[in-house]
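Participant: need a 3D model of the following:
(chains A, B, C and D)
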There are 4 protein chains.
Amino acid sequence: MATRSVLLVVAPDQRGLVAAVAEAIGAVGGNIVDADQHTDADAALFLQRVDFETAEGAAEHFAVRFADTAKRLDLRWELYDAARPRRLALVASRELHCLYDVLARCAAGELDATVGVVASNHVSTAEVAARFEVPFVHIGGVDRGEREAVLAGAVEEAGADVIVLARYMQILSAELCAEWAGRAINIHHSFLPAFAGARPYHQAHRRGVKLIGATAHYVTADLDAGPIIVQDVTPVSHRDDVYRLRRRGADLERVVLARAIGLHLEHRVLAYGNRTVVFD
Amino acid sequence: MATRSVLLVVAPDQRGLVAAVAEAIGAVGGNIVDADQHTDADAALFLQRVDFETAEGAAEHFAVRFADTAKRLDLRWELYDAARPRRLALVASRELHCLYDVLARCAAGELDATVGVVASNHVSTAEVAARFEVPFVHIGGVDRGEREAVLAGAVEEAGADVIVLARYMQILSAELCAEWAGRAINIHHSFLPAFAGARPYHQAHRRGVKLIGATAHYVTADLDAGPIIVQDVTPVSHRDDVYRLRRRGADLERVVLARAIGLHLEHRVLAYGNRTVVFD
Amino acid sequence: MATRSVLLVVAPDQRGLVAAVAEAIGAVGGNIVDADQHTDADAALFLQRVDFETAEGAAEHFAVRFADTAKRLDLRWELYDAARPRRLALVASRELHCLYDVLARCAAGELDATVGVVASNHVSTAEVAARFEVPFVHIGGVDRGEREAVLAGAVEEAGADVIVLARYMQILSAELCAEWAGRAINIHHSFLPAFAGARPYHQAHRRGVKLIGATAHYVTADLDAGPIIVQDVTPVSHRDDVYRLRRRGADLERVVLARAIGLHLEHRVLAYGNRTVVFD
Amino acid sequence: MATRSVLLVVAPDQRGLVAAVAEAIGAVGGNIVDADQHTDADAALFLQRVDFETAEGAAEHFAVRFADTAKRLDLRWELYDAARPRRLALVASRELHCLYDVLARCAAGELDATVGVVASNHVSTAEVAARFEVPFVHIGGVDRGEREAVLAGAVEEAGADVIVLARYMQILSAELCAEWAGRAINIHHSFLPAFAGARPYHQAHRRGVKLIGATAHYVTADLDAGPIIVQDVTPVSHRDDVYRLRRRGADLERVVLARAIGLHLEHRVLAYGNRTVVFD
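Facilitator: As a prediction, this is how the structure comes out:
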């Protein structure tokens, strides 16, 4: 009977913002369950996430009333029904560990989402999708334009809220990046900004680093330069050749990607410019 | 045409052990690819792992000759064909994330083993096994004796080298622990020795720790006290209630368990007393 | 001309707390620079830290007015002048690395505090204090009562806000623990609750763990059971005997202790029961 | 009465190396206490560290005899008396936390070395040196040539085995880098190769990374591109502005640098090309 909502707010920094949001929620009888905020002093921005409960129907009233507050204070906002089911589109290539991992997490209830489609430029991936009874789309076509049309169509048809590039090894066009802005998550197998681009484990081995990493970020037209959501590393040694780096890295990749998806699904990530605030 | 072997050695510490092993391998024309050793000064023990190549058939010659060396130096040894395929038995209960993870890793080739059987005291687990086309056995019976007979039979029939307790929530009898000594791996969801026994995330929450952990260890009759193979932790905060601890912990558990299985499959773990040497 | 204050609040959870605090600060023309809050659902407690700016003198007005709000809402509160200089008492025994570390951090400006006194049951520690031109007190006496009187007197005379047990190897009486409640910080050289009490590195080595840890906590009459502020671990292997564990652990200890002191000095730690909220 | 020696070996990979070294040590009645080796398959190189005990005087015999073995097998080698006292030259600029840390570790016996000199381009650093009764040299002069002559002279006069750039903010000439090859250690405040060069915390903040790091490496003429000895990272969040990044990073820097110095002093690091083998 109670509705749980998540409100995300981004505004020019100014006095009274916390109070204004709290009052607006109080005005419809809402109860704040959890709130977190951040002020980016350099950007003069205030960012907030509020998780609140209302009686059924009151969230709509809130939305109507809050529009006025937002106008007055010049704030951008998004309001989510926390209970609304979410859908993922998973996009992969030849490496399947991240794909398996996200599918298993959705099946086991660790990620609160259903997988609407698996798409891949490798037909062999179909078998993995079949194991989890998820529709499969082969990203075929004579050129990138055709292939991206297939991919975009698959995402559209699946009704996907979030597009997950689970080690998809193709570069997306600027157009597609723009269309999916803020809802396509990529996993890159290095601690960015080091080793952007192709074959990061080879690059890492050549440099002789003592750590390898993985980075989950929103996709933008700048390759591997989008806002970072989660990063992690693991120690390596001279014993780790490229083969072992890839194996160790695979563990990082799946955990970092899953963590980023989970945070995104719970509306805990606010991206602005090429950075994020993560209210974890 | 070349055979790759792994030799594990445990001996009372004495001069000349490294040279004796190297000579024995050299005597059959073998080439040492990788070697690692450790002396436990307190226990006065020497432990070694040698990965070596020989011409086909020469490994058998080595084994015959090395028996003499072993007798003379009072050393225990095991010799493995690195290419022999290995089989796992996976044992689970209600929590499925570790089970999914090991199955996916075997399917994706990250773990070099096939899964011979999935056994569980919960019939609902059968569905997971079916997704990966692995035989399923329900661990049923009127008492522990009967249930353990079912479980031991399933492991036997599957021809499993390694038994993985992938969040199996039943305590094994001392007899079964003894039978599976050195080849049954359990994942416990805490940084042992803290929070042994039931409900470690509840215990951790109650104590207000700032880290949670996971521990993979060989199963012994002493609950959660067997030789530790791999441990890891992740930071947590006051924001993490038991539900969130469990979710974060799940990531640790699967990675720690998979790491331990991989090390065991590559014959990198030597257990003695309640400790291990891990030649990683 | 502006005053920076930190307000800490603990209250029974109820609606309107965030708004009430924000209004009270707004009423004296204050500006919230940073705020963080947490609701402990199990304990039905609301905890908040607010960092705010006011015109000079306005903080006193705030304090007077806020007393009413606090009474009405049944909330406990503390108000700190962020600019007030803080003083430490450092208490050590034979191991000097933590002592050196805190002294150096204060000297280098990394910790925003002065050291008022160094006290130790080992006279050799005097030399370290002298290097940093800090008064030294030898904790001597015929029994614990006398020694504690010396120690308490030294802390009192130094005007210390915070007492840091920097590897002090004596157990404090329940009386002294009570007197210093919430302002005495201890570093224990294990990941508590594992290996409480004496010689934790020996205990860790005996158990064969693959991680060692350090824990900074508020001192209470229950040995090593006080509210935890910071914990961290580092991986170890079979190569690490007790001597190497101690060396590796020393790095953890100093960093964990320094981090806890820094958080405490910035009023970022709220302890309740045997747990803490750390608003970092 | 027994002498403890460390032998480092680098050779083209070939059969029989381990046996040859073991025999050579055995021939002078030596006992191998610890040995570790690595084969870099890409570079076709074998690298080994052997820690062994002999009767007094036997190490010299070993050296004479081993020269033949080395010639025959085309191996480079170094032999160290493990008990010989080592001396450090510490070079700093304005940031003093790493300098304090190394001085304190030497004073507390955590690093087995004495500090022969502290040199800095900032005279204010003299006070820190004085606290630890270490001679101070001001790196003055009209141009880089003069200043480097002062610095090189100070190192020479101090009889330093190892030069530690403890946040020294000047770029060394290629000549000085060559002269100090393999014995000058620098700490860079990022996870290299990311954020090489000036102001890495500013670079890290701008990029919005979720980790910051520190890297200890041997100094070479290529800025921040020398062989890496130790790296580590710590998680950061949107709450961490540049000031907080620097504070958190300072903890990493000191620990990473101290770890690298300790490994170097124990002859555990073999550098070749732009990489290292670290036998820890």
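Participant: may I ask which helix or strand encompasses the residue nearest to A:N31 when sequence neighbours are not counted?
Facilitator: Leaving aside its chain neighbours, A:N31 sits nearest to A:E53 (4.9 Å; criterion: C-beta to C-beta, 6 or more residues apart in numbering or on different chains). C-betas here are computed from N, CA, C, even on glycine. Assigned by DSSP states H and E, A:E53 belongs to strand A:45-55.
Participant: now that strand, how far from the centre of its chain.
Facilitator: Centroid separation for strand A:45-55 versus its chain: 19 Å, with C-alpha atoms, centre = their mean, to the nearest Å.
Participant: next, the angle helix B:242-265 makes with the longest helix along chain A.
Facilitator: Among the elements of chain A assigned as helix by DSSP state H, the one spanning the most residues is helix A:242-265. Interaxial angle, helix A:242-265 versus helix B:242-265 (axes from the mean of the first three to the mean of the last three C-alpha atoms, to 10 degrees): 170 degrees.
Participant: helix A:242-265 packs against which elements?
Facilitator: In terms of contacts (3 or more C-beta pairs under 8 Å, 6 or more residues apart in numbering or on different chains; DSSP states H and E), helix A:242-265 is packed against helix A:97-107, strand A:162-165, strand A:184-188, helix A:200-207, strand A:211-218, strand A:228-235, helix B:242-265.
Participant: with mean neighbour count added, can I get these in JSON lines?
Facilitator: Listed next are these as JSON lines, based on neighbours: other C-beta atoms under 10 Å in any protein chain shown:
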{"stretch": "helix A:97-107", "mean neighbour count": "25"}
{"stretch": "strand A:162-165", "mean neighbour count": "25"}
{"stretch": "strand A:184-188", "mean neighbour count": "25"}
{"stretch": "helix A:200-207", "mean neighbour count": "19"}
{"stretch": "strand A:211-218", "mean neighbour count": "26"}
{"stretch": "strand A:228-235", "mean neighbour count": "22"}
{"stretch": "helix B:242-265", "mean neighbour count": "22"}
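Participant: name the residues of chain A found near chain D, please.
Facilitator: Residues of chain A lying close to chain D by C-beta under 8 Å from any C-beta of the partner chain are A:38, A:40-42, A:191-195, A:207-211, A:213, A:227-233, A:237-239, A:241, A:273-278.
Participant: quick one: residues contacting the nearest residue to A:R131 once chain neighbours are set aside.
Facilitator: Counting by C-beta to C-beta, 6+ apart, A:R131 lies nearest to B:R131, which is 4.6 Å off, once chain neighbours are set aside. Residues in contact with B:R131 (C-beta atoms under 8 Å, 6 or more residues apart in numbering or on different chains) are A:R131, A:F132, B:L103.
Participant: so where do the strands sit in the stretch 51-200 of chain A?
Facilitator: For the stretch 51-200 of chain A, the strands defined by DSSP state E, counting those that start in this stretch cover A:76-81, A:87-92, A:114-120, A:136-138, A:162-165, A:184-188.
Participant: what's the closest of those strands to D:V219?
Facilitator: strand A:184-188 (30.5 Å; C-beta to C-beta).
Participant: counting by contacts, list what that closest one packs against.
Facilitator: strand A:162-165, strand A:211-218, helix A:242-265.
Participant: alpha carbons of the longest one, as CSV, please.
Facilitator: If I follow you right, that is helix A:242-265. Extracted C-alpha coordinates of helix A:242-265, given in CSV (Å, rounded to 0.1, in the frame of the first residue of the first chain):
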residue,chain,number,x,y,z
VAL,A,242,49.2,-12.3,-20.4
TYR,A,243,47.2,-15.5,-20.1
ARG,A,244,47.1,-15.3,-16.3
LEU,A,245,46.4,-11.6,-16.4
ARG,A,246,43.3,-12.2,-18.4
ARG,A,247,42.2,-14.9,-16.1
ARG,A,248,42.7,-12.8,-13.0
GLY,A,249,41.2,-9.8,-14.8
ALA,A,250,38.1,-11.8,-15.6
ASP,A,251,37.2,-11.9,-12.0
LEU,A,252,37.5,-8.2,-11.6
GLU,A,253,35.6,-7.5,-14.7
ARG,A,254,32.5,-9.5,-13.7
VAL,A,255,32.4,-8.1,-10.2
VAL,A,256,33.0,-4.5,-11.3
LEU,A,257,30.4,-4.7,-14.0
ALA,A,258,27.8,-6.3,-11.8
ARG,A,259,28.4,-3.7,-9.1
ALA,A,260,27.9,-0.9,-11.6
ILE,A,261,24.7,-2.4,-13.0
GLY,A,262,23.3,-2.9,-9.5
LEU,A,263,24.1,0.7,-8.5
HIS,A,264,22.5,2.0,-11.8
LEU,A,265,19.4,-0.1,-11.3
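Participant: mean confidence score for that helix?
Facilitator: If you average the pLDDT over helix A:242-265, you get 96.
Participant: again, but for stretch A:105-114
Facilitator: 95.
Participant: now do it: everything it contacts.
Facilitator: A:85-88, A:102, A:115, A:132, A:161-162, A:258, A:261-262, A:265-266, B:96-97, B:100, B:128, B:247, B:250.
Participant: would you mark the buried spots in it?
Facilitator: A:R105, A:C106, A:A107, A:A108, A:E110, A:L111, A:A113 (16 or more other C-beta atoms under 10 Å in any protein chain shown).
Participant: closest one to chain D out of those residues, please.
Facilitator: A:L111 (20.1 Å; C-beta to the nearest C-beta).
Participant: so who does A:I185 touch?
Facilitator: Contacts were defined as C-beta under 8 Å, 6+ apart; by that measure A:I185 touches A:162-165, A:216-219, A:229, A:257, A:260-261, A:264.
Participant: once you drop chain neighbours, what's closest to A:A158?
Facilitator: A:G116 (3.1 Å).
Participant: how close does that neighbour sit to chain B?
Facilitator: Remark: distance between A:G116 and chain B (C-beta to the nearest C-beta, to the nearest Å) = 18 Å.
Participant: what do you get for A:F52?
Facilitator: Computed as C-beta to the nearest C-beta, the A:F52 to chain B distance reads 17 Å.
Participant: I figured that residue hits A:N31, correct?
Facilitator: Yes: at 6.2 Å, A:F52 counts as touching A:N31 under the criterion of C-beta atoms under 8 Å.
Participant: so what sits against both of these two?
Facilitator: A:I25.
Participant: out of these two, which sits in the busier spot?
Facilitator: More crowded of A:F52 and A:N31, by other C-beta atoms under 10 Å in any protein chain shown: A:F52, with 25 against 15.
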